[in-house]
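Enquirer: Dropping a prediction and its sequence here:
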Amino acid sequence: MARRKIIAGNWKMNMTPSEAVALCDTLKDLVKNDEVDVVYCVPAIDIVPVAQAVKGSNVHVGAENFYIEDKGAYTGEISAPMLKDAGVEFVIIGHSERREYFKEDDCFLNKKVKKAFEAGITPILCCGESLEQREMDVTMDWIRLQIKSDLAGVTADQVKSMVIAYEPIWAIGTGKTATSDQAQEVCKGIRDLIAEMYDADTAEAVRIQYGGSMNAGNAAELLSKPDIDGGLIGGASLKPDFGKIVNYNK
Ligand code: 13P
């Protein structure tokens, strides 16, 4: 069965609640496409107004972060059950910005992946190499390490339902996109790894996105590759151009 494409925006730390509602309004008609899943991963404070604004549309709401405990004395944190109750269906885990700036390591990320599943939220698990790692030719070794650690103890059925995002760090926010062949090569490498860790059915089912300076001009070519099942889009998800990415096949 063909995998359904999934195009997700990662708004990062952008959009006040009122700006968020205005953006949903601007994008409403532009992101209609029955053939793909569309997700807005938004800052925590925007989740409730965005869930309200996209109600009844084809847009799913995603979060960018949560803490691994369900509740308690963790001042300032938000739990997975809170996200779920607010209407969140997807959550980004392991983004390179959280790995780098907030020192989230693979052991912690593994706990987050399991907690997301426990709460009934689909993880979008990010992985990707630095420019230095690519130049040293250790890209796939690094990504294998990340995925093996992040998915330790995660079942085949869970993996089948989740999303993995390949985001080369050197392509994020730089305007420097991986070529479609480079992106395809790593996405295929990830799928082969899943086959190795689980089985062929699981590898066939898991959806793998590319992320890193994806835009209206390069989306169609990236998404034409056999192992690229979608995109995780930063900058271009905040503009009407996001509608063009969602409708890359029109
Ligand atoms: P840009 O699309 O802005 O490069 O960001 C990619 C990204 O980090 C998505 O998670």
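Expert: Looks like it arrived, so ask away.

Enquirer: Tell me if the lowest-mean-pLDDT helix or strand in the chain is near the ligand.
Expert: Every helix and strand of the chain was ranked by mean pLDDT, DSSP states H and E. The lowest is helix 131-135, at a mean of 95. No: using C-beta under 6 Å from any ligand atom, we find that helix 131-135 stays clear of the ligand, coming within 13.9 Å at best. Just so you know, the C-beta spots here come from the backbone N, C-alpha and C atoms, and that holds for glycine as well.

Enquirer: Report the buried residues of that helix.
Expert: Buried residues in helix 131-135, counted by 16 or more other C-beta atoms under 10 Å: 133-134.

Enquirer: Go ahead and name everything in contact with that helix.
Expert: 139, 142, 168-170 (C-beta atoms under 8 Å, 6 or more residues apart in numbering).

Enquirer: Which residue is the nearest non-sequential neighbour of Asp199?
Expert: The shortest distance from Asp199 to any non-neighbouring residue, by C-beta to C-beta, 6 or more residues apart in numbering, is to Ala156 (6.5 Å).

Enquirer: Could I get the contacting residues of that neighbour?
Expert: 198-199, 201-202.

Enquirer: go on, Asp70?
Expert: So Asp70 contacts 79-81 (C-beta under 8 Å, 6+ apart).

Enquirer: again with Trp11
Expert: Contacts of Trp11 by C-beta under 8 Å, 6+ apart are 20, 40-43, 46, 64, 237-238.

Enquirer: Which parts of the protein are helices?
Expert: 17-27, 47-53, 80-85, 96-101, 106-119, 131-135, 139-150, 156-161, 180-197, 200-205, 219-223, 241-246 (DSSP state H).

Enquirer: so which of the ones you listed is the most packed in?
Expert: helix 241-246 (a mean of 23; mean count of other C-beta atoms under 10 Å).

Enquirer: how about that one, does it reach the ligand?
Expert: No: judged by C-beta under 6 Å from any ligand atom, helix 241-246 stays clear of the ligand, getting no closer than 9.9 Å.
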